[in-house]
Every structure is written in C-alpha cells, then in structure tokens.
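Enquirer: below is the structure, and that's it, no one-letter string:
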C-alpha cells in the first residue's frame, strides 16, 4: 500500500505540468514562505492579481503588507525597492510592462546599478525587477518592446530572460537570492506555455546557458520566445538533413560565453536570434564575443544575426508579425549558413 | 521666550558641539573651495557654505540608528550625521582611505554604518531611496526614521512627487527636508515654482508641512524635534522646508551672473553660524574667547583632515573591477 502511494506521488511529480506564469508565482510564493524579507510591490498586484495574473491569489496568502499594491509611480516603486534592499529587505518589483522601465530608468541605471561601486563596496541592492516584455499581443508600440539591451549595457545590473516555465522558476529563485539588482524579463507570449515543472524549490544559477537541442551542423543562439521559434525551425530543418543545435543563454548578464563558444567550435556556423530590434541589440554583443573568441578559427560562415526591424512595434497583426523574425526566416538563414560552399 | 527655549536649556557641551559642527562644515567646504581653485582636486564639487544650520539642526535631532539620504551638496549632511572629515577629505582627493575608496568623489559619499545612505548626483534621485529605507523600518519594525534631504530644484522632479505620495499613503517614517537655497543651479526658485512655499505642497499629499528659517539653528531644531516625535510615533511623513542660501556658486565654475552681489551680502548678513554664536555669547553660555577657540579648533581639525588625505595612498588599479557586483 505504502509503496504504491509513493509511486503515485512520484507519477504526479513527474507529470505535473504548469504554465510559465504559474511557475513564476510558485517561485515567488516559495521564497516568501521561506524568507520574511522577501516582498512584492507593484501596480495592481493585489486582488487584481497583476496585469498578467502572475500574483493572483498571493495577497490572500501573504496579505497587503507583503503584496504591496502601489500607485502608478514607476520611479518611486523602483526607488523604494532599492532603498529597502539597501537596508536589508529583498524586494521583488513587478513592473507592469517592460516598456515602463523607461520611467524607472534613473532609479535602475543611476541608483541600483551604481550604489555599491560608488560607495566603495558598502551596501548591496538585493532586488529583482520582474517585467513582461515582447510583442505578439497586439498591444502596439508602447507595450510590446524588448529593451533588454538597454539594461544589459549598464554595469551593476544582471539580466535574466527565461524561455520556459521550469527555467523561469529556478532562475527566479536564483535572482531573489542574488545580492545584486536583477532585471527578470518574462515574455508575454510565454505566460501560458506549459511544461513539467518540479514542485519543490530549486535553483538554476545565473550565468549558465542551456542547450535546448543538440545538433552538429549549425548553432542557433536564441532568447525568450525565439528559443521556441528556433526549436520549431530545427525540427523542420532536420527533415532537410540539417542538424541544428539551439542554445538559450537564459541570462544575458552574466553571459555563459563558454557554452556558446564550445557549440560554435563544434558546428562552425552560428546564428543569433532575438526579438529585440537588431540594431544595437544584445545579439551584436553575442556575435562580437564569438568573433573575438577561439571559435573564430572554426567558423565556416559569417556570424549571422536575426532581430526585429528598426521600427516601433505596429498594431496590425500581420505587420506586427512581419517586424520580428519568424520560423521561416530562421530556416532560411540556417540554410544559407550551412550551404554556403 | 520663544518656542526654542527647550534648546537653550540643553547642556553647554551640546550647544558648543552644535556650534563646532557648523564650523566644521564651514571649514571643510571652505578648504575644498580653496583646493578646487588651486586645481589640487579634480572633478567637481558643490559647497554648502551658508547652509550649515539646516544640516546640523536636522541631524542633531536624530538618533544613531536613524538614517539619512543626502544630495550632491552633501558634505554638511555627512559631517552632521557623524562622518569622519579625514575620510571625507580623502575621498575628495580620490584616495584609498576615502569613504568610497576613491571611486565616488564629492557627490557620492556614503557612510552606511553611521546611517548615511549616500549623497546623490541625480537631483531628486535619492528621494525614493529614502522612502524605501523607511519602508524597511516599518516592515521590520526597526524603529528608525529616515531623513531625506533635497533641494528646491528637486522639488520639481517627478521622483519627489511620486515618492512623497508613496510615503504618505503608506504612513512611512520619513521626514522630507527641502533645503531651499533659492537656486537650482542658475534657476531662481521664484521663477521655477509658482507658489511661495514648497512646504505647501505637503497639503497635496495629505501630510504636514512646515516652513522654517534655515539659517536659524534653534528654529530648525525645534521644528525638526516635533517632526521626529510625530514621525517616530507612526503618524507618517512630514515635509519641512528650510529657507536658506548657498554663498558659493552652484559648482566650481559658476560666475553667478544670475544673482546680484547685493543679494549675496544680504544673506551673508544672516550667517547661520554667527547668529548662533552671538546668541550663545549674549545668553552668557560661552564667552567670546570660548567661541574663538571653537572656531580655531575646528579649523585645525580640517587642516589635519587635509594632511590625512594628502598622506593617504592612491587606490591600486587592481581595485578597478571590485564592487561592481556583490
């Protein structure tokens, strides 16, 4: 009897499937149960449950002192989080849309990122700023951007961009435990994606890329929603006899350079894909890193980048799709790289 | 006689210490001014000569556990909150022994152990940080209050309005102290603010606001004492506006074309240090000779800080990458 009960619970554990949004909520709730210093602040995160429902039910469990519903004041929310972090708390900010980071930018770039260095190593800012990013929801130009390169450029910040529910859960635990300010991007189109996520708390260290698919012909380094497009392209390319390796860096800062370099040395061809505008995007940083690394001598084709067109995100669904790389675009560039000679 | 009677009843040592603190602030910034003029320190600096009573009067009413956030014009706040002038001067010299190991300079001195959460180079940038520090005190029931110094210029930043509102709705233990020194760089406050008193903005956030003569130490202390009691009791934030004047220019290269020498003289006649010193002598608390001793001793103290700074080593280039991340 007992052993069958254990078996059934194991089955449940291995088959339990939850969404990306639920995984984020589970990580937040588990950390808040463990550590009284962890709290959340943001707009409409109380009974409303957050614009994308991530904090739904949390105010009922943790109360309004720790699930702090704020006015629409992004600079003050972010600054208050920094000040509380500097004095011992572990705040998690929910910024309703990542586009609104523009309104909190002084606090992030000039305060959170620099306090420790400016003060000669005194003081830590152990905060996390979670924020939904990306296009594909018809929210148009001011609610659909991918501005992660802005924050990745500022020394002192760490930047996380998970692509799956299970990665999101483990990376968020690491982000909350990290003594530095961490910007945690959640792509809106991923919130409803579902997969198996272990129920017990676990950590995925910041700075460890994940090989999402092994292959030998060409490496695709992709972030967030582009990881899924790259995987779809890889399946289709397999039918054409092209064996694609897909790497998800998972964190932009710190960046796991070695995993990328090793993969490029193996395949000799690499494509970097992100949803952000290609010009000035973080893909340029990854491409340059590869070109400067020992992988250069192994390259059989130029390093290629795919990113969005340099335009504001349009509203019309067809135009919106046309702005960002799609599966067909990835496939074509992969064929070009592989069949170059 | 006045509502500041309580202060005159304080022990002589305390009164003399407050006079000495104001002199220390004055000498520190006069010395810095001299060094910049001679090209002995690089970068820039913002001096608070003429504003000593607000820094000293506000911080004197705090307990050690209380915290402050400061501004780009922050040397006075730092000294008044108990910082060591040696390490401050060393920081301005960019030395390893400085408060920031030579990485911050004048605008970024922090003394976290003494509750100084740091000066700030962004006008209004420190205001939300003070609210966050106050939030920690409330959530952890630590009992400390936070004083947020800012200027008349910062009162027009969005961060001021957002942060004061947030502190107000959450009843946080924070006192906002606006040092209105009449100018945001070259912008006269009378041209940049439509209302007479910045403290009147408190009403817009549902918190008490007080205007005080920022050059009158007993008045600053009296208003601050009441604000501290109110805030420490859990009644929420207070906004205090201290009207004062910066004698020097905005920063090191300021021809001061935007104001007259006559106006400067009018304010120099309201010297906060002389006002307090004369009152101490008139009341028979100290003699003119004792006052002179305080003045000389504090000047000598700053000379020693200069020696300390000059003798301190430059930071090693090996420290360049340290402390970006914890």
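Expert: On my side now, so go ahead. Every value quoted in this text rests on a predicted model; they were computed, and no experiment measured them. Numbering: from 1, shown residues only, chains lettered A, B, ... in the order given.
Enquirer: where do the helices sit along the stretch 1-150 of chain B?
Expert: For the stretch 1-150 of chain B, the helices defined by DSSP state H, counting those that start in this stretch occupy B:5-8, B:12-37, B:52-60, B:75-80, B:85-92, B:127-140.
Enquirer: now the residue in the stretch 151-300 of chain A that chain B sits nearest to. Nearest residue, chain neighbours left out?
Expert: Of all residues in the stretch 151-300 of chain A, the one sitting closest to chain B is residue A:179 (3.8 Å; C-beta to the nearest C-beta). Heads up, the C-betas are built off the backbone N, CA and C, glycines and all. Counting by C-beta to C-beta, 6 or more residues apart in numbering or on different chains, residue A:179 lies nearest to residue B:326, which is 3.8 Å off, once chain neighbours are set aside.
Enquirer: looking at the helices of the stretch 1-150 of chain B, which is closest to chain A?
Expert: Among those, helix B:127-140 comes nearest to chain A, with 2.1 Å by C-beta to the nearest C-beta.
Enquirer: and the closest one, what does it pack against?
Expert: helix A:74-86, strand B:67-69, strand B:146-151, helix B:158-169, strand B:174-180 (3 or more C-beta pairs under 8 Å, 6 or more residues apart in numbering or on different chains; DSSP states H and E).
Enquirer: helices or strands up against the first one?
Expert: Using 3+ C-beta pairs under 8 Å, 6+ apart, the elements in contact with helix A:74-86 are strand A:38-42, strand A:90-94, helix B:127-140, helix B:158-169.
Enquirer: I'd like those as JSON lines, with distance to residue B:265 and mean neighbour count appended.
Expert: Listed next are those as JSON lines, based on distance: least, C-beta to C-beta, whole Å; neighbours: other C-beta atoms under 10 Å in any protein chain shown:
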{"stretch": "strand A:38-42", "distance to residue B:265": "49", "mean neighbour count": "24"}
{"stretch": "strand A:90-94", "distance to residue B:265": "49", "mean neighbour count": "26"}
{"stretch": "helix B:127-140", "distance to residue B:265": "33", "mean neighbour count": "28"}
{"stretch": "helix B:158-169", "distance to residue B:265": "31", "mean neighbour count": "24"}
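Enquirer: of all these, which lies closest to residue B:90?
Expert: Proximity to residue B:90 (C-beta to C-beta) singles out helix B:127-140 among the helices and strands packed on helix A:74-86, at 24.6 Å.
Enquirer: gap between the closest one and the chain center?
Expert: Put simply, helix B:127-140 sits 19 Å off its chain's centre (C-alpha atoms, centre = their mean, to the nearest Å).
Enquirer: just want the angle from that helix to helix B:158-169.
Expert: Counting by axes from the mean of the first three to the mean of the last three C-alpha atoms, to 10 degrees, helix B:127-140 points 20 degrees away from the direction of helix B:158-169.
Enquirer: could you dump the helices of the stretch 1-150 of chain B into a markdown table with mean pLDDT and distance to residue B:69 added?
Expert: A markdown table is the format used below for those (pLDDT from 0 to 100; distance: least, C-beta to C-beta, whole Å):
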| stretch | mean pLDDT | distance to residue B:69 |
| --- | --- | --- |
| helix B:5-8 | 94 | 25 |
| helix B:12-37 | 97 | 18 |
| helix B:52-60 | 98 | 12 |
| helix B:75-80 | 97 | 9 |
| helix B:85-92 | 97 | 17 |
| helix B:127-140 | 98 | 4 |
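Enquirer: figure out which of those helices is closest to residue A:269.
Expert: Nearest to residue A:269, of all the helices of the stretch 1-150 of chain B, is helix B:127-140, at 47.6 Å by C-beta to C-beta.
Enquirer: okay, buried residues for the strand or helix carrying residue A:262 please.
Expert: Using DSSP states H and E, residue A:262 maps to helix A:257-267. By neighbour count on 16 or more other C-beta atoms under 10 Å in any protein chain shown, the buried set for helix A:257-267 is A:257, A:259, A:260, A:261, A:262, A:263, A:264, A:265, A:266, A:267.
Enquirer: look at residue A:186 and give its secondary structure.
Expert: Following DSSP: H, G, I helix; E, B strand; the rest coil, the label given to residue A:186 is strand.
Enquirer: I'd guessed it sits against residue A:128; true?
Expert: No - with contact defined as C-beta atoms under 8 Å, residue A:186 does not count as touching residue A:128 (11.4 Å).
Enquirer: okay, these two: which has more neighbours?
Expert: Comparing residue A:186 with residue A:128 by other C-beta atoms under 10 Å in any protein chain shown, the one with more neighbours is residue A:128, at 29 against 24.
Enquirer: wait, what's in contact with the more buried one?
Expert: With contact taken as C-beta atoms under 8 Å, 6 or more residues apart in numbering or on different chains, residue A:128 is in contact with A:90, A:91, A:92, A:93, A:172, A:175, A:176, A:178, A:181, A:182, A:183, A:184.
Enquirer: what pairs with the second one across the strands?
Expert: What it means is residue A:91. Counting by DSSP bridges, residue A:91 is bridged to residue A:39.
Enquirer: tell me the spacing between it and residue A:85.
Expert: From residue A:91 across to residue A:85, the span is 6 Å (C-beta to C-beta, to the nearest Å).
Enquirer: mind listing the shared neighbours of the two?
Expert: With C-beta under 8 Å, 6+ apart, residue A:91 and residue A:85 have common neighbours A:127, B:132.
Enquirer: does the nearest residue to residue B:100 once chain neighbours are set aside count as helix, strand or coil?
Expert: Excluding its sequence neighbours, the residue lying closest to residue B:100 (C-beta to C-beta, 6+ apart) is residue A:120, at 3.6 Å. Using three-state DSSP, the three-state assignment for residue A:120 comes out as coil.
Enquirer: quick one: low-confidence parts of chain B?
Expert: Along chain B, segments meeting pLDDT under 70 span B:1-2.
Enquirer: just give the nearest non-adjacent residue to the most centrally placed residue in it, would you?
Expert: With distances taken as C-alpha atoms, centre = their mean, residue B:77 lies nearest the centre of chain B, 3.1 Å away. Excluding its sequence neighbours, the residue lying closest to residue B:77 (C-beta to C-beta, 6+ apart) is residue B:70, at 4.1 Å.
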